[in-house]
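Enquirer: Prediction below, plus the sequence it came from.
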Amino acid sequence: MSKYYLNYLDELESEAIYILREVYAQFQNPVILFSGGKDSILVTHLAKKAFYPCKIPFPLLHIDTGHNFPETIQFRDDLVKNLGVQLLVGSVQESIDAGRVAEERGKHATRNALQITTLLDAIESNKIDCAIGGGRRDEEKARAKERFFSHRDDFGQWDPKNQRPELWNILNGKHFEGEHFRAFPISNWTEMDVWNYIKREQIEIPSLYKAHNREVVWRSDSWIPVSEYLKLEENEKIHTKKVRFRTLGDITITGGIESDADTLDKIVLEVAAMKQTERGNRTDDKRSDTAMEDRKREGYF
Amino acid sequence: MEIDKNQLLRFTTAGSVDDGKSTLIGRLLYDSKAIFEDQLESVENTSRKKGHEGIDLALFTDGLRDEREQGITIDVAYRYFTTPKRKFIIADTPGHIQYTRNMVTGASTANAALILIDARHGVIEQTKRHAFIASLLHIPHIIVCINKMDLVDYSEEVYENIVSQFEGFSSKLIVKDIQFLPISALNGDNVVNRSTNMDWFQGPPLLHALETMHIGSDINKIDARFPVQTVLRPQREGFIDYRGYAGRVASGIFRKGDEVVVMPSGFSSKIKSIDTMEGAMEEVFAPMSVSITLEDDIDISRGDMIVKQNNQPKALQEFDAMLCWFNTSAAKPRAKYTIVHTSNEQKAMIKDVIYKIDVNTYARQEEDNTLNMNDIARITIRTTRPLMVDEYRDNRITGSFILIEDSTHETVAAGMIV
């Protein structure tokens, strides 16, 4: 075999860098949506590569539910400082205080859906014309149809039936005032690819992804971390378990799994042997079969 | 998994509800263990509700709400699975004629196309359409899966008849590499595992064919083309005079010291360095994303192309192309569109519709020159400034373009330069 071929991780990397450079060339005011999770950390790492030796030419936008893992915020602040990029924060708490959204009620109340309003408000007030996300097509069935450059109308809504066709590597980011795009440079990566790449590149990730002892309660088939925002139900007991998280989000709905994987090598081995999808531990996706599609249509990440 | 060497293979599947396409993809995902327990559980539940015995593999590829309700694929959906040998991306597209644009989209990046034929029905109109699109988009490899062999008693004669039917009409098409396989997606014959029901068939099962297919020469390694996406000027300490041209190698190989020409200006220079964050490289090839610096200070911007002195694309303002029209509103004669070709963008006009092609019969129609949604035609296009083009058959990146309607910003057509 000729030596002139790329392995699949190099090809995925090259594709992502190409997309990030297209975002820079085609938009006036793009941002990276940064949640502190591994996918947005990966996108930020790829942006660093895409523009080296320049700094990343995009600010990071964090939509803060107010229900954070403290580790995530620390990680975010350190990263922003290291990269020398601007941090923008859209606060769900402020949206609630301003009466833009109302807190959900009931025992499974979350701030997940509330983020949509805060995100769209932040996009509008910062005049953002492209929000770069870490969405992957393997995550969920509605995401499987997502484009690299995904159009949002002036209400921030996604119309999955009327998407622009994307051929070869030509990306059409043309838009009118008030509309914006979501760009997904790691669309073609799977969870396994992300971990293999993080391991290969030795990318720093929040300690939450590695197995650690934590106080948790058993709810909706996973270990939900105890925090000041968690309301214990009658039969729930606090346990101390060695857990790690496969995805990071709102602390009230992100479930951990019991694990001993405390290094990247062990995580990669564990992920390879996983029998459940990573979103299987997210109570927000368990609401209905089309929960993700419905949220995405409204303007979700 | 030996991740250092594994390649990525993209393939497309086109098909309708009845030819078993979804079942085949479900089978590949299920047998290659790309299905997780929670997905399996959800599919088992739905299968039970719908009254299926066992699991309905087709449900693994269920997509958007409308598609679930109507039981059809509307849009391109991407699926992923990995074996110890390769990572695969499936572009799963609908097969009906009204979705030609989605098939074309899925085919545009594919190394291989799977064409499904129902063994009971043989070659039908849809088969010809799928084969035509695969050939038009120059997908390097085609695998024709003759499915539902279980319903024709695994008959070798039925299989052979369909193979010769296919060969009969496909002789008019340009296909580099074609293989035929008798399979049953439902029972798993010759999909991941070799069938025990068809001893007469000596070839490898589908997954093995996909894992071993030679894709090394799918990308043009001869004509070096580097479309500039953006210019990197850090203007910070250590990089005060740095001026890097960022882009992805479209084809060919570039080496440090190469004599290059910047098109369209025609200025020549030498490659001073090829940079990445990990350091400088001696040589790069498609599809690597890098940043190139040159020995001389030349004014270069997005849309320019760096090529080798001794191998240049044509700079053309008027050329012929095969065009696939994507939009519900028909093409307007002599109207102006924005043409996007690599990172270059100009205005363009469809000067002439030479003929349209019937994708089912391959017949040419010269009288009718309106371009409606899903029409495929040979056209002459004229642009305001020259584009640096190669023929699509030689180069999928520098031979392709899209047209954008300025009043809606929609992508209305895709073209392949002939």
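Expert: Perfect, I can see it now.
Enquirer: Spatially nearest residue to residue B:85 (excluding sequence neighbours)?
Expert: Nearest residue to residue B:85, sequence neighbours excluded (C-beta to C-beta, 6 or more residues apart in numbering or on different chains): residue B:211, at 4.3 Å. C-beta: built from backbone N, CA, C; applies to glycine.
Enquirer: now the helix or strand hosting the one you found: how far from the chain's centre is it?
Expert: According to DSSP states H and E, residue B:211 maps onto helix B:206-212. Mean-position distance between helix B:206-212 and its chain equals 18 Å (C-alpha atoms, centre = their mean, to the nearest Å).
Enquirer: neighbours around the residue nearest to residue B:85, how many?
Expert: 17 (other C-beta atoms under 10 Å in any protein chain shown).
Enquirer: Look up how far chain A lies from it.
Expert: Using C-beta to the nearest C-beta, to the nearest Å, residue B:211 is found at 13 Å from chain A.
Enquirer: Show me what the helix or strand hosting residue A:182 is packed up against.
Expert: Using DSSP H and E, residue A:182 maps to strand A:180-183. On a contact count with 3 or more C-beta pairs under 8 Å, 6 or more residues apart in numbering or on different chains; DSSP states H and E, strand A:180-183 meets helix A:8-26, strand A:130-132, strand A:149-152.
Enquirer: CA-only coordinates of the next helix or strand after it, as CSV, when you get a sec.
Expert: Under the assignment DSSP H and E, the closest C-terminal helix or strand after strand A:180-183 is helix A:191-201. What follows is helix A:191-201 as a C-alpha-only set of coordinates in CSV (Å, rounded to 0.1, in the frame of the first residue of the first chain):
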residue,chain,number,x,y,z
GLU,A,191,-17.7,8.7,20.9
MET,A,192,-15.0,6.2,20.3
ASP,A,193,-13.2,8.4,17.8
VAL,A,194,-13.3,11.3,20.3
TRP,A,195,-11.8,9.2,23.0
ASN,A,196,-9.1,7.7,20.8
TYR,A,197,-8.2,11.2,19.6
ILE,A,198,-8.1,12.7,23.1
LYS,A,199,-5.8,9.9,24.1
ARG,A,200,-3.6,10.3,21.1
GLU,A,201,-3.3,14.0,21.5
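Enquirer: Skipping adjacent residues, who's closest to residue B:370 in space?
Expert: residue B:330 (5.5 Å).
Enquirer: Parallel or antiparallel, list what pairs with the strand holding residue A:182.
Expert: strand A:130-132 (parallel), strand A:149-152 (antiparallel) (DSSP bridges).
Enquirer: What is the helix holding residue B:211 packed up against?
Expert: Against helix B:206-212 (3+ C-beta pairs under 8 Å, 6+ apart) you get helix B:21-31, strand B:86-94, strand B:141-147, strand B:177-182.
Enquirer: what's the offset of the longest one from the middle of its chain?
Expert: Centroid separation between helix B:21-31 and its chain, computed with C-alpha atoms, centre = their mean, is 20 Å.
Enquirer: circling back: mind exporting the C-alpha coordinates of the helix holding residue B:211 to PDB?
Expert: Written as PDB, here are the backbone C-alpha positions of helix B:206-212 (Å, rounded to 0.1, in the frame of the first residue of the first chain):
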ATOM      1  CA  LEU B 206     -20.200  -7.800   2.000                       C
ATOM      2  CA  LEU B 207     -18.400  -6.600   5.100                       C
ATOM      3  CA  HIS B 208     -15.200  -8.300   4.000                       C
ATOM      4  CA  ALA B 209     -15.500  -6.700   0.600                       C
ATOM      5  CA  LEU B 210     -15.900  -3.300   2.200                       C
ATOM      6  CA  GLU B 211     -13.000  -3.900   4.600                       C
ATOM      7  CA  THR B 212     -10.500  -5.000   1.900                       C
END
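Enquirer: same for the helix or strand just after that helix, what does it pack against?
Expert: If you walk from helix B:206-212 toward the C-terminus, the next helix or strand you reach (DSSP H and E) is strand B:225-232. On a contact count with 3+ C-beta pairs under 8 Å, 6+ apart, strand B:225-232 meets helix A:8-26, strand B:244-248, strand B:305-308.
Enquirer: mind checking which of these is nearest residue B:195?
Expert: Minimum separation from residue B:195 across those (C-beta to C-beta) falls at helix A:8-26, 29.1 Å.
Enquirer: Provide the strand pairings for the helix or strand hosting residue B:387, with the direction of each partner.
Expert: Assessed by DSSP H and E, residue B:387 sits inside strand B:376-389. Strand B:376-389 sits in its sheet next to strand B:314-325 (antiparallel), strand B:344-357 (antiparallel), going by DSSP bridges.
Enquirer: Output the last one as CSV, nothing but the C-alphas.
Expert: It stands for strand B:344-357. What follows is strand B:344-357, C-alpha atoms only, in CSV (Å, rounded to 0.1, in the frame of the first residue of the first chain):
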residue,chain,number,x,y,z
ASN,B,344,-13.5,30.6,-5.1
GLU,B,345,-16.8,32.4,-5.6
GLN,B,346,-18.0,34.2,-8.7
LYS,B,347,-21.2,35.0,-10.6
ALA,B,348,-22.3,32.6,-13.2
MET,B,349,-25.0,32.2,-15.8
ILE,B,350,-26.3,29.1,-17.4
LYS,B,351,-25.8,29.9,-21.0
ASP,B,352,-27.2,26.8,-22.6
VAL,B,353,-29.0,23.6,-21.7
ILE,B,354,-27.5,21.2,-24.2
TYR,B,355,-29.6,18.1,-23.3
LYS,B,356,-31.4,16.6,-20.3
ILE,B,357,-30.9,13.0,-19.3
